[in-house]
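Visitor: would you be able to build a 3D model of this:
(2 chains)
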Amino acid sequence: MQFDDQGRVNKSKKRAVFNQPEAKNRVELFRHLPQYEHGSQLTDLESKFLELDSMHPAVYKVGVQYLAGDVTGGNARCIAMLRAFQEVINDYSTPPGKTLVRDLTAKISSYVSFLIECRPLSMSMGNAIRFQKSRIAKLPLTLSETEAKAALCNDIDRFINEKIILADKVIVRHAATKVRDGDVLLTYGSSCVVEMILLYAHELGKQFRVVVVDSRPKHEGQALLRRLLAKGLSCTYTHINAVSYIMHEVTRVFLGASSVLSNGTTYSRVGTACVAMVAHAFRVPVLICCEAYKFHERVQLDSICSNELGDSNDIARVPGRPDVNSMDNRTNEKNLQFLNLMYDATPSEYVSMIITDYGMIPPTSVPVIVREYRREYLLI
Amino acid sequence: MPDTQALVNDFLNKLKKLKIEGSQATARQNAELLRSVISQQRVPYTNQAGALIDAVKAVGEQLIAANPVELAVGNIVRRVLHIIREEDLSLTTAAIGGLNLSAVSDDENDDDRDGDSTLSAAAVAAAARSTLRPPSLQTLLEDTPVSAAVPQTSSSGGDSEGKSKSADKSSRSRKLKHDVIEAVNEQIADIVICHEQIAEQAVEHIHQNEVILTLGSSRTVLEFLFAAKEKKRSFRVFVAEGAPRYQGHLLAKELVARGLQTTLITDSAVFAMISRVNMVIVGAHAVMANGGVIAPVGMNLVALAAQKHAVPFVVLAGSHKLCPLYPHNPEVLLNELRSPSELLDFGEFSDCMDFGSGSGSPLLHVVNPAFDYVPPKLVSLFITDAGGHNPSYMYRLIADYYSADDLVVQRRATAGN
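Guide: Residues are numbered from 1 along each chain as shown, chains lettered A, B, ... in the order given. All right, here's what the predicted structure looks like:
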């Protein structure tokens, strides 16, 4: 939705489930994206729990988890959403005078708009929803309600199993062949697939070191670091500014992605583009590990046309640094804005290879997979 | 003498404990300290320049060893040495000129190199063609006649020099120290006003509706942007916070206080935002002889992103930051690694960083460098208090400020070469 269009914004506010005050100091360049004040959203939503009789509790729970930041990462969010939809379908009963297909689709759409209010959809979630709606639309009319519900739940199970869990296993097998003894592997932030690759290669007995690069404001790398250290991998930890310092000893870079677009651009956590650029400058191969269901036919040239804006207070406040935090009272100054981008777009020339469940492909082959193999899962 | 020693020890302490913030303050205090060392130094009647140089080298060695990463210290020491040599040279030429000798286009070289007042013709001729002296047209055209003329002058000059020296040695001794101290004072004044001189050039580079990106905080950049604002140029600034010191926050606060539109971004968002930026303006910690820049960590990232998007990368540096050394392996030799506690909370990760547990070697290393090296090919322009320059030109500026003899600041054994 275009947030710079005031008419549409007002319409969506009327339909909104809970109240979200817009941020006061918006960055001019990002007027087309939503930006809200994050302080009161969670309490507001929680207070509405008993009022939302139209909302299924499973979907409500997932929405709160998104808003609070408990569930993060493309795969985790997608799985959580699909499981919630499974419960919705199980508890569903067709009201009299309506068809299952239309009514269920309308219900799912309303739940999706609730989830969007909590947190904008990731591309993986968008693809999963499209799959879901197409399966509902393709239900043969001869099925009874229980059979239809069972078929839909089965489809969701298959989707999660084939497109996410098995796909991850295939990716890990492929990628482990790219890890040799004596390697120094660099990763940025926390990607579940890359973590699986590192742990699997370690189990295979390969000798390698890991460099974990992290950045503000979320410090996602620290969680990954802890899990790797618990398994006995030897790690180096640094922040993104020091990437040029550490890159001369790195042999491979493994990165995760939120999505890969049709022009080969990788859309992933902000900072990935910086890491890929420095790796390219030092001639280190960059490998993106991404399941094929995250591919999208959109194209994007830069990180500004489409992005997600996070909480600006996360930038203003530096935990543990009181000398810097004296700027807090400044958040309402009209000349000062804080920009908390969540994603960025890495150009395809920085990426050496994308490892997917269809194999290891160059970034230029992504539109081929989108076109040729997309039809396949629509027909399962 | 004990007076200066106390001052020197005090300054050494400050350097070792990193109590002085910024290279401008370091350079100024260093120059003032060397000025007191020179004024307190008692000089013998002959070869005073040599004595002064020895004294300054003695102090300089200790200062440089105290904090090798703070290159401004070494720069100022070498500048003062150059000043001493220059002043001595100009005094000597004035003295010889006063003896009505034939016009010699080659100046006599400083006699402090071998500590001996009598000069051999070969030494004079060789020194005259020293590479740091720009060759004058006369030298280039009249190569042989000059070397033939020199032995005459030196032989006759030797006696007359002895006479002249005995004649006005007392006035000369006072004059050398006096001139040197005056020149050092000029240096100090230059250091103090370098920000204004750089800021004067702001109007040439910032026009209307610009978007400027900077990283961390630099006083030079601050004054530069203020000067442009004074001249009613409208522009917006993106400030990258510069983890882990987060100085970008302080810079943003100052800019906002002056009424500039500022947006604070994380360092990871630099690549995302740079496509909408017109110019990158940053400060430097030191500028090396090849035009490379030692800057706060994260600058190489910004420089690479700027090159990719063809955005000009402008470095502002006062001339006291120009170092005559060539950066060999700057990431290691010209860097310092700071405490891991700035990145990780010790409480959470102390078990992993413990040397005592497990096999004795820790699983976790934390890397926190303080500086970054930006190669000269990524820099579009240097703006110094002497004007704007290409990175490929910086080596010429060295000739203005430093002598070739002083690249290694070490006291030599007394015998001449």
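Visitor: who's A:C289 bridged to?
Guide: A:G256, A:I355 (DSSP bridges).
Visitor: report the contact partners of it.
Guide: The contact partners of A:C289, by C-beta atoms under 8 Å, 6 or more residues apart in numbering or on different chains, come to A:171, A:175, A:191, A:193-194, A:197, A:254-257, A:354-355. In short, each C-beta sits where N, CA and C put it, glycine included.
Visitor: can you add neighbour count and give those back as a markdown table?
Guide: Converted to a markdown table, those look like this (neighbours: other C-beta atoms under 10 Å in any protein chain shown):
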| residue | neighbour count |
| --- | --- |
| A:I171 | 25 |
| A:A175 | 23 |
| A:S191 | 26 |
| A:V193 | 24 |
| A:V194 | 25 |
| A:I197 | 27 |
| A:F254 | 24 |
| A:L255 | 30 |
| A:G256 | 25 |
| A:A257 | 27 |
| A:I354 | 29 |
| A:I355 | 24 |
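Visitor: for the residues you listed, which one is nearest chain B?
Guide: Ranked by distance to chain B (C-beta to the nearest C-beta), the contacts of A:C289 are led by A:L255 at 12.9 Å.
Visitor: now for B:R79: which residues touch it?
Guide: Counted by C-beta under 8 Å, 6+ apart, B:R79 has contacts B:31, B:187, B:320, B:401-402.
Visitor: returning to what we had before: ok, the contacts of A:C289 vs B:K377, which is closest?
Guide: Closest approach to B:K377 among the contacts of A:C289 (C-beta to C-beta): A:L255, at 26.7 Å.
Visitor: dump the residue contacts of the nearest residue to A:L224 once chain neighbours are set aside.
Guide: Sequence neighbours aside, A:S190 is the residue nearest to A:L224 in space, at 4.1 Å (criterion: C-beta to C-beta, 6 or more residues apart in numbering or on different chains). By C-beta under 8 Å, 6+ apart, A:S190 lies in contact with A:73, A:220-221, A:223-224.
Visitor: in helices, which of those residues fall?
Guide: Using DSSP state H, A:221, A:223-224 are the members of those that sit in helices.
Visitor: a markdown table for the residues you listed, including distance to B:L264?
Guide: Conversion of these to a markdown table gives the following (distance: C-beta to C-beta, whole Å):
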| residue | distance to B:L264 |
| --- | --- |
| A:G221 | 22 |
| A:A223 | 25 |
| A:L224 | 26 |
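Visitor: distance between stretch A:343-362 and the chain's centre?
Guide: Put simply, stretch A:343-362 sits 16 Å off its chain's centre (C-alpha atoms, centre = their mean, to the nearest Å).
Visitor: could you dump that stretch to PDB, C-alpha only?
Guide: The C-alpha trace of stretch A:343-362 is given here as PDB (Å, rounded to 0.1, in the frame of the first residue of the first chain):
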ATOM      1  CA  TYR A 343      16.400  -4.600   4.800                       C
ATOM      2  CA  ASP A 344      18.700  -3.800   1.900                       C
ATOM      3  CA  ALA A 345      19.200  -4.900  -1.600                       C
ATOM      4  CA  THR A 346      22.500  -6.500  -2.600                       C
ATOM      5  CA  PRO A 347      23.300  -6.100  -6.300                       C
ATOM      6  CA  SER A 348      23.700  -9.400  -8.200                       C
ATOM      7  CA  GLU A 349      27.300  -8.700  -9.200                       C
ATOM      8  CA  TYR A 350      28.500  -9.100  -5.600                       C
ATOM      9  CA  VAL A 351      27.000 -12.600  -5.400                       C
ATOM     10  CA  SER A 352      29.000 -15.600  -6.700                       C
ATOM     11  CA  MET A 353      26.400 -18.300  -6.200                       C
ATOM     12  CA  ILE A 354      23.000 -18.900  -4.700                       C
ATOM     13  CA  ILE A 355      22.500 -22.300  -3.000                       C
ATOM     14  CA  THR A 356      18.800 -23.400  -3.200                       C
ATOM     15  CA  ASP A 357      17.000 -26.700  -3.000                       C
ATOM     16  CA  TYR A 358      17.100 -26.800  -6.800                       C
ATOM     17  CA  GLY A 359      20.800 -26.800  -6.700                       C
ATOM     18  CA  MET A 360      23.600 -24.200  -6.900                       C
ATOM     19  CA  ILE A 361      22.700 -21.500  -9.400                       C
ATOM     20  CA  PRO A 362      24.100 -18.100 -10.400                       C
END
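Visitor: neighbour count and distance to A:L82 added to the contacts of A:S190, as a markdown table?
Guide: As requested, the contacts of A:S190 are exported to a markdown table (neighbours: other C-beta atoms under 10 Å in any protein chain shown; distance: C-beta to C-beta, whole Å):
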| residue | neighbour count | distance to A:L82 |
| --- | --- | --- |
| A:G73 | 19 | 14 |
| A:E220 | 19 | 23 |
| A:G221 | 24 | 27 |
| A:A223 | 16 | 23 |
| A:L224 | 23 | 24 |
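Visitor: show me the two of those that sit farthest apart.
Guide: Taking C-beta to C-beta as the measure, the contacts of A:S190 reach their widest spread between A:G73 and A:G221, a distance of 13.2 Å.
Visitor: may I ask which helix or strand encompasses the nearest residue in space to A:V71 that is not next to it in sequence?
Guide: Counting by C-beta to C-beta, 6+ apart, A:V71 lies nearest to A:Q65, which is 4.4 Å off, once chain neighbours are set aside. Secondary structure assigned from DSSP states H and E places A:Q65 in helix A:57-68.
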